[in-house]
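**Student:** Below is the sequence, then the predicted model.
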Amino acid sequence: MKRIHSLVTGGAGFVGSHLCDFLVSQGHQVICVDNLITGKLENIAHLRRHPHFRFLQQDIIKGLPRFLGLPRFLKDVAQGFPRLLPKADYVFHLASPASPVGYMKNSIETILTNSIGTYRLLEYCRRKGARFLFASTSEVYGNPLVHPQVESYWGNVNSFGPRSCYDESKRLGEALVYEYHHKYKVNARLVRIFNTYGPRLNENDGRVVSNLITQALKGRPLTLYGDGSQTRSFCYVADLVQGLWKAASLPGTEGDVFNLGNPQEITILQFAKTVLQLCGKRGAKIVKKPLPQDDPIKRKPDISKAKRALRWEPKVSLKEGLGRTIEWYRGRIGAV
Ligand code: NAD
Ligand code: UDP
């Protein structure tokens, strides 16, 4: 049987590395492209010797080197991205910093990765007939005025602020997906991912899950931004990966948009208390810090469409997923 070829950009990152694991386990030949701007080699260390996995350290917004002696079959596409694979069946475009700290530090790179990078990958798919999945974000809804957020909601986004590099470049990436699908019939879709967590979430990237768990395990006060009344809905990474695969592979998904997230909404204060409880540090201090500019007040996905069209919904509860995540951090930090 013909082996399926999948290209995963951002494959050395948190979500991308779990997606690579899943695709390899399904028998795909996987090429992971990552410039390691926020990703880590250790996330894919266990895959490096796998015969069906290849890692290419490469920035998708720069030129790609000749790779593995494969033929140059698309000379006219700038910087040779298509030389990477003879033909990919699937392209999963996950490259982009995702944490507010990460994308604010790498703001211009984030804009270019979600725009030029998305353009290049869509060009590749147009020419080779590959299926395309773009990892968009709940941030396209900004500070939402509709709750929970449904795919048809246009969002409330500040186009000129510290989060704009991420929110607006994802929105531009979405527009590119729309155009390539409608103009060139590219088999493309996008998913709007809501806050996702799990093992391999970078402990230094400033997200609430990594910050609070590492602070709790190290016996430090937990940093709560604002009064903690803002809400988020946290999805365990294994659930998300199932959703990514279904959105990419099921018939009838092309040209569509799917929210992927766990609708269990929780205030950040309640989240902090849950982390303390699960880490066995109930008495630890919580210190308040200023709420960052444009920090969304509430966020919860409406996943009716994914349930209906993908037959997908998250299975892992917050307590179970956090428990597994804490164990992973505990192993790294060496805390009791
Ligand atoms: P991450 O930072 O762990 O992974 C992103 C990966 O992309 C990193 O390995 C990074 O090195 C790589 N990368 C960035 N720019 C690149 C470039 N120009 N060329 C090659 N590689 C590049 O983030 P994540 O949490 O795994 O997020 C993965 C994707 O999912 C992102 O597109 C993000 O916007 C989206 N997303 C994630 C969440 C979440 O909660 N984790 C929520 C919404 C959307
Ligand atoms: N947050 C917090 N303490 C932290 C880090 C984040 O209270 O140490 C808050 C942050 O202000 C936001 C929420 O937790 O309201 C989620 O932040 P995160 O950076 O994880 O993701 P976001 O959903 O904002 O992209």
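**Tutor:** Arrived safely. Ligands and ions are numbered 1, 2, ... in the order given.

**Student:** Flag the shaky bits of the stretch 201-336 of the chain, pLDDT-wise.
**Tutor:** In the prediction, the stretch 201-336 of the chain carries residues with pLDDT under 70 at positions 335-336.

**Student:** Spell out which parts of it neighbour ligand 2.
**Tutor:** Taking C-beta under 6 Å from any ligand atom as the criterion, the stretch 201-336 of the chain approaches ligand 2 at residues 207-208, 211, 223-225, 230, 232, 268, 291-292, 295. Placement of C-beta: from N, CA and C, glycine included.

**Student:** make it 5 Å
**Tutor:** Counting by C-beta under 5 Å from any ligand atom, the residues of the stretch 201-336 of the chain close to ligand 2 are 207-208, 211, 223-225, 230, 268, 295.

**Student:** need the helices for this structure, in chain order.
**Tutor:** Defined through DSSP state H, the helices belonging to the chain, from first to last, are 14-25, 100-105, 107-112, 118-128, 164-184, 208-217, 237-249, 268-278, 304-305, 318-333.

**Student:** Would you mind giving both backbone torsions of the spatially closest residue to residue 164 that is not a sequence neighbour?
**Tutor:** With sequence-adjacent residues excluded and distances taken as C-beta to C-beta, 6 or more residues apart in numbering, residue 164 is closest to residue 158, at 6.0 Å. Recorded main-chain torsions at residue 158 are phi -80, psi 120, according to degrees, to the nearest 10.

**Student:** give me the number of residues near residue 158?
**Tutor:** 14 (other C-beta atoms under 10 Å).

**Student:** Could I get the contacting residues of it?
**Tutor:** Under the criterion of C-beta atoms under 8 Å, 6 or more residues apart in numbering, the contact list for residue 158 reads 142-143, 164, 167, 294.

**Student:** Which members of the residues you listed are the farthest-apart pair?
**Tutor:** 143 and 164 (12.5 Å; C-beta to C-beta).

**Student:** Please identify every residue contacting each of the two.
**Tutor:** Counting by C-beta under 8 Å, 6+ apart, the residues touching both residue 143 and residue 164 are 157-158.

**Student:** dump the residue contacts of residue 207.
**Tutor:** Contacts were defined as C-beta under 8 Å, 6+ apart; by that measure residue 207 touches 99-101, 195, 197, 201.

**Student:** With residue 39 instead?
**Tutor:** With C-beta under 8 Å, 6+ apart as the criterion, the residues that contact residue 39 are 10-14, 16-17.

**Student:** rerun that using 6 Å as the cut-off
**Tutor:** Contacts for residue 39 (C-beta atoms under 6 Å, 6 or more residues apart in numbering) come out as 12-13.

**Student:** How about residue 167?
**Tutor:** 139, 157.

**Student:** change it to 7 Å
**Tutor:** Neighbouring residues of residue 167 by C-beta atoms under 7 Å, 6 or more residues apart in numbering: 139-140, 142, 157.

**Student:** same question, residue 168
**Tutor:** Residues touching residue 168, when contacts are defined by C-beta under 7 Å, 6+ apart, comprise 157, 159.

**Student:** Can you name the residues of this structure that neighbour ligand 1?
**Tutor:** Residues of the chain lying near ligand 1 (C-beta under 5 Å from any ligand atom): 10, 12-15, 34-39, 59-61, 94-96, 98, 113, 135, 137, 193, 195-196.

**Student:** Please produce a PyMOL select command covering the buried subset of the residues you listed.
**Tutor:** In PyMOL syntax, the buried subset of the residues of the chain next to ligand 1 is picked out as below (16 or more other C-beta atoms under 10 Å):
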select buried, resi 10+12+13+14+15+34+35+37+38+39+59+60+61+94+95+96+98+113+135+137+193+195+196
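
**Student:** List the ones among the residues of the chain next to ligand 1 that fall in strands.
**Tutor:** Secondary structure assignment (DSSP state E) places 34, 135, 137, 193, 196 from those within strands.

**Student:** Residue 235 contacts residue 264, correct?
**Tutor:** No: at 8.8 Å, residue 235 and residue 264 do not qualify as touching, with contact defined as C-beta atoms under 7 Å.

**Student:** More neighbours: which of those two?
**Tutor:** In this view residue 235 and residue 264 are compared by other C-beta under 10 Å, and residue 235 has more residues nearby, 25 against 12.

**Student:** separation between that one and residue 280?
**Tutor:** Residue 235 is 24 Å from residue 280, where distance means C-beta to C-beta, to the nearest Å.

**Student:** Done for today, thanks.
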